[in-house]
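> return atomic coordinates for the entry below.
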Amino acid sequence: MITPIQIDIEALNLATIAPMSVAIIGALIILCIDLFSKHTDKHLYVVLTILFLAIDLGALITYNAPTRGFFDLMLLDGISILAQIIIVVASALFIFLSLSKQRFHEYRYPEYFALFLFMTAGFQFMAASDNLILIFVGLETASMSLYTMIAMHNSNKSTEAAIKYFTMGALAAGFFAFGSMMLYYVTGSVELSVISQHLASTNFDNYTVLLVGVVFMIGALGFKLSLVPFHVWAPDVYEGSSAAMAGYIAIVPKIATLIVAIRFFDIFVSVNDQWVHYILYGMAVITMTLPNLIALVQTDVKRMLAYSSISHAGFVLVAIMLGTTQSLEGLFLYWILFAFVNLGAFAMLWVHRTKESPSYYGFKSDYEFGKFAGLIHTAPLSAVLLGILMFGLAGVPPFSVFWGKMYLVSATVNANEIVMALIMVLNSAIAAFYYMKLIVFMFFKVREDDKVLEYSEMSGTILKVIIAIAVTFAVTAVFWVAPILEFVNLAVTSSGF
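Okay, the predicted model is just below:
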């Protein structure tokens, strides 16, 4: 006689899957509404998306249950909840941009908003588990949605960007699966906590096979974080996406992947594994430096910001390499400060999309540096706001990202990595140069032609509010650093790091 399996519902702790379940249910409701009403105004879908994200955020903030749940697949510790809060808040700010007056092709489809919620749930699953199978499911759910959303922009460049992203993403998925297989072969588990315990008890037996698995995992995570040499997709994808989507790609997918990277590399950093240390050290240096040098010669502002976001990923990789409590606090502080300013910068680029095609004004793209020449004379407020955001991204004191860089450099010095700290400071100086280049164009250059740039009507109230929030945050960040650090410290220390 077969004994039935008894499942204790209370022991499952279903509250651990409640936040992402809200997003999934919201996506299904939007698709169901579209089945019965084909001509519903897009504003309803925007409002529903924001409503479900708000409920999702509420479930995260009020979460007060054991960290483990759902057959031990879910892990809602401090850094998981913190990362999910960043994901949901950034997603909500992004979706607000769709309320602008600009009627982008993709906003006409309810599927776009459903995909957005599926994508958000996928990123949340990545941040809320240490099981490699569930992480992979979350990664692919989010990635497939993101590829489709980029293609829905319905331009030649967006289709090209989606195909490149999909192709490289498929390769990264293969790397992740193969790396997970190698880890399972060595340890007999796909749970990072169990893998860590097994390797510690066996003194890292089968180290050569294990290192091969680590290399494949670095390839997979490096693609999502756009680390050199896995960064080649990023500039083209940023250029092919709308400015708002490019800003989103620079923030949300990376914070989800950073949590996976923190959990994975902590296995090796905590035991001071020298090979993994050298690999991360080299990748951090190259990822900070090479994109910075390439950004210096860019003629397109969006591509420049794409390369700068790659360099920022190199900075936070240093925190993972160090693995100290202070460095991980610095990672979250850095990314929170960077998120607001970066979103504001891409929103400002969105504002300056012209009605006519770029070729009408003699430009190859809508975001050439030359297009912003003399902006202080034609749109002084825009020039000032964009200038503040560039100062913020450059890390010029006292603007926001400066405090994140200073804290991260301090953590590096305290870990006795003086050379790395000097490399970080040097790269900050290089980055300041190309951010200042845009400011020089806006304030000190003069347009060579006499055509008046006519901008698309997309500067609605919501967009203005988001830009105002980003600029205010960039200027007043010094007052927010202490409370953010206090919250981050609570999350990091409660997670055992």
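> show me where the stretch 151-300 of the chain has its helices.
156-187, 192-201, 207-224, 233-240, 243-269, 274-295 (DSSP state H, counting those that start in this stretch).
> mind putting those into a markdown table with mean neighbour count and distance to Ile33?
No exception for glycine: its C-beta is placed from N, CA and C like everyone else's. Listed next are the helices of the stretch 151-300 of the chain as a markdown table, based on neighbours: other C-beta atoms under 10 Å; distance: least, C-beta to C-beta, whole Å:
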| stretch | mean neighbour count | distance to Ile33 |
| --- | --- | --- |
| helix 156-187 | 18 | 26 |
| helix 192-201 | 17 | 39 |
| helix 207-224 | 20 | 32 |
| helix 233-240 | 23 | 30 |
| helix 243-269 | 24 | 24 |
| helix 274-295 | 19 | 42 |
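> ranking these by mean pLDDT, which is last?
Per-stretch mean pLDDT for those is lowest at helix 233-240 (a mean of 83).
> closest one to Phe487 among the helices of the stretch 151-300 of the chain?
Phe487 sits nearest to helix 243-269 of all the helices of the stretch 151-300 of the chain, at 15.1 Å, using C-beta to C-beta.
> against Met182, how distant is the closest residue in space to Tyr165 that isn't next to it in sequence?
Excluding its sequence neighbours, the residue lying closest to Tyr165 (C-beta to C-beta, 6 or more residues apart in numbering) is Val237, at 4.9 Å. From Val237 across to Met182, the span is 29 Å (C-beta to C-beta, to the nearest Å).
> and if you look at Val318?
Taken as C-beta to C-beta, the span from Val318 to Met182 is 26 Å.
> mind listing the helices for the stretch 351-497 of the chain?
So, for the stretch 351-497 of the chain - with DSSP H, counting those that start in this stretch - the helices run 375-378, 380-394, 400-414, 418-444, 461-494.
> quick one, which of these is nearest to Tyr248?
helix 461-494 (12.4 Å).
> and the closest one, which residues are buried?
Judged by neighbour count using 16 or more other C-beta atoms under 10 Å, the buried positions of helix 461-494 are 462-463, 466-467, 470-471, 473-474, 477, 480-481, 484-485, 487-489, 491-492.
> could you do stretch 313-329 as well?
In stretch 313-329, counting by 16+ other C-beta under 10 Å, buried: 313-324, 326-329.
> repeat that for stretch 299-310.
Buried positions in stretch 299-310, judged by neighbour count with 16+ other C-beta under 10 Å: Asp300, Val301, Lys302, Arg303, Met304, Leu305, Ala306, Tyr307, Ser308, Ser309, Ile310.
> just give the closest residue to Met288, not the sequence neighbours.
In this structure, Met288 finds its nearest non-sequential neighbour in Gly314, 3.6 Å apart by C-beta to C-beta, 6+ apart.
> tabulate the helices of the stretch 351-497 of the chain in TSV, adding columns for distance to Ile249 and mean pLDDT.
As requested, the helices of the stretch 351-497 of the chain are exported to TSV (distance: least, C-beta to C-beta, whole Å; pLDDT from 0 to 100):
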stretch	distance to Ile249	mean pLDDT
helix 375-378	25	80
helix 380-394	16	86
helix 400-414	18	90
helix 418-444	19	89
helix 461-494	17	85
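> any chance of these in a markdown table with distance to Tyr45 as columns?
Shown next, in a markdown table, are those (distance: least, C-beta to C-beta, whole Å):
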| stretch | distance to Tyr45 |
| --- | --- |
| helix 375-378 | 34 |
| helix 380-394 | 29 |
| helix 400-414 | 32 |
| helix 418-444 | 35 |
| helix 461-494 | 15 |
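> those helices: which one's closest to Leu35?
The nearest among the helices of the stretch 351-497 of the chain, by C-beta to C-beta, is helix 461-494 at 28.2 Å.
> the closest one vs helix 400-414, what angle?
20 degrees (axes from the mean of the first three to the mean of the last three C-alpha atoms, to 10 degrees).
> other SSEs contacting helix 461-494?
Helices and strands touching helix 461-494, by 3 or more C-beta pairs under 8 Å, 6 or more residues apart in numbering; DSSP states H and E, are helix 78-96, helix 325-351, helix 380-394, helix 400-414.
> tell me which of these sits most buried.
Mean neighbours per residue, mean count of other C-beta atoms under 10 Å, is largest over those for helix 325-351, with a mean of 25.
> can you give me the mean pLDDT across it?
pLDDT averaged over helix 325-351 gives 86.
> tell me which other helices or strands it touches.
Using 3+ C-beta pairs under 8 Å, 6+ apart: helix 325-351 touches helix 78-96, helix 243-269, helix 301-322, helix 380-394, helix 400-414, helix 461-494.
> so what's the gap between it and the chain middle?
9 Å (C-alpha atoms, centre = their mean, to the nearest Å).
> residues contacting the residue nearest to Met181 when sequence neighbours are not counted?
Spatial nearest neighbour of Met181, chain neighbours left out: Gly213 (7.6 Å); criterion: C-beta to C-beta, 6+ apart. By C-beta atoms under 8 Å, 6 or more residues apart in numbering, the residues touching Gly213 are Phe178, Gly179, Ser180, Met181, Met182, Leu183, Tyr185, Val186.
> same check on Leu199?
Leu199 neighbours (C-beta under 8 Å, 6+ apart): Val186, Thr187, Asp205, Leu210, Ile267, Val271.
> shouldn't the second one be in contact with Val194?
Think Thr187. Yes: shown here, Thr187 and Val194 form a contact pair, counting by C-beta atoms under 8 Å, at 7.0 Å.
> buried ones in stretch 22-35, by neighbour count?
Val22, Ala23, Ile24, Gly26, Ala27, Ile30, Leu31, Ile33, Asp34.
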